[in-house]
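Asker: predicted model and sequence follow; I will ask about them next.
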Amino acid sequence: MQPNMKTFLEERRRVLAALAGVAGSLLFTGGARAEDSVGKVGLLSGRATAVRGSLDVALEKGSELEIGDLVKTDVRTIVELLLGQRTTIRLGESAELLIDSFVMNMRGSFDLMQGAMFFDRPEDEPRSDVMIRTVFGRLGVRGTRFFAGPNRGVFAVFVERGAVVVAAGGETVTLGPGDGVNIPEPGAPPEDVVQWGQGRIDEVYASVGL
């Protein structure tokens, strides 16, 4: 993990924990636990955990997911996160994803700290406002099915359906169906947007168990 992102993550988790504590004291009495569930674990092959406050929670199929969870996967692990009613995020091995915020069928923000992810919402769902932050740049989700993560020595983004706005290194590009783009290193701008061949599409999908 990049040092600057580690500091960023620690501060974000500290703030989220404080807010959760305030909300719990205001909304719940009698020792009841404040539930902040935004979804659950679907498929799980291997070992995954959620860093939740000061706890490392072992995940299994059906485990609840909460705002502020840092989901981490082990080697040779694939985990599927079912968020809201119809949003799915898959993580490949050695991945870390912070669920920063999520409002069902409306908006959400996530920090992809490392590893590969695959995002999917049904084509007939209303457009939602989703932001993915990474050390390489920001992804504004305007579509419903895309990959983001390491591939062939770079950070790669591929859109199967819909559109994703990629902002990195002071430049912004928009990817449509079939488009892919490389970001060679943190702070660098995106390279040229190109249509990907089936071979590379198969590579990145295999990294998230598809």
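Answerer: Ah, there it is. Residues are numbered from 1 along each chain as shown.
Asker: which stretches of this protein aren't confidently modelled?
Answerer: For the chain, residues meeting the criterion pLDDT under 70 lie at 1-35, 104-106, 125-128, 143.
Asker: what ranges do the helices span in it?
Answerer: Taking DSSP state H to define them, one finds helices in the chain at 3-27, 198-206.
Asker: quick check: the closest residue to Leu139 other than its chain neighbours vs Val75, distance?
Answerer: Of all residues not flanking Leu139 in the chain, Ile132 sits nearest, at 4.0 Å (C-beta to C-beta, 6 or more residues apart in numbering). (Glycine included, C-beta is placed from N, CA and C.) Separation of Ile132 from Val75 (C-beta to C-beta, to the nearest Å): 23 Å.
Asker: who has more neighbours out of the two?
Answerer: Neighbours per residue, other C-beta atoms under 10 Å: of Ile132 and Val75, the larger number sits with Ile132, 24 against 8.
Asker: dump the residue contacts of Leu81.
Answerer: Gly39, Lys40, Val41, Gly42, Leu65, Val71, Thr88, Ile89, Arg90, Leu91, Leu97 (C-beta atoms under 8 Å, 6 or more residues apart in numbering).
Asker: so what's the nearest residue to Thr174 once chain neighbours are set aside bridging to?
Answerer: Counting by C-beta to C-beta, 6+ apart, the nearest residue to Thr174 once its immediate chain neighbours are dropped is Val165, at 5.2 Å. Assessed by DSSP bridges, Val165 has beta-bridge partners Gly140, Thr174.
Asker: buried residues in stretch 47-62?
Answerer: Arg47, Ala48, Thr49, Ala50, Val51, Arg52, Val57, Leu59 (16 or more other C-beta atoms under 10 Å).
Asker: let me redo that: stretch 116-129
Answerer: Across stretch 116-129, burial judged by 16+ other C-beta under 10 Å covers Ala116, Met117, Phe118, Phe119, Asp120, Arg121, Ser128.
Asker: surely the fourth one is in contact with Phe146?
Answerer: Yes: counting by C-beta atoms under 8 Å, a contact exists between Phe119 and Phe146, whose distance comes to 5.5 Å.
Asker: next, count neighbours for Leu112.
Answerer: As a burial measure, Leu112 scores 23 neighbours (other C-beta under 10 Å).
Asker: check the gap between it and Leu97 for me.
Answerer: According to C-beta to C-beta, Leu112 and Leu97 sit 6 Å apart.
Asker: overlap in contacts of those two?
Answerer: Overlap of the contact sets of Leu112 and Leu97 (by C-beta under 8 Å, 6+ apart) is empty.
Asker: picking that back up, let me know the closest of the buried residues of stretch 47-62 to Pro189.
Answerer: Closest approach between the buried residues of stretch 47-62 and Pro189, by C-beta to C-beta: Val51, at 31.9 Å.
Asker: please name the bridge partners of that closest one.
Answerer: Asp56, Leu70.
Asker: do the same with Ile78
Answerer: Assigned bridge partners for Ile78, using DSSP bridges, are Ser45.
Asker: tell me the contacts of it?
Answerer: Taking C-beta under 8 Å, 6+ apart, we find Ile78 in contact with Leu43, Leu44, Ser45, Gly46, Arg90, Leu91, Gly92, Glu93, Val208, Gly209.
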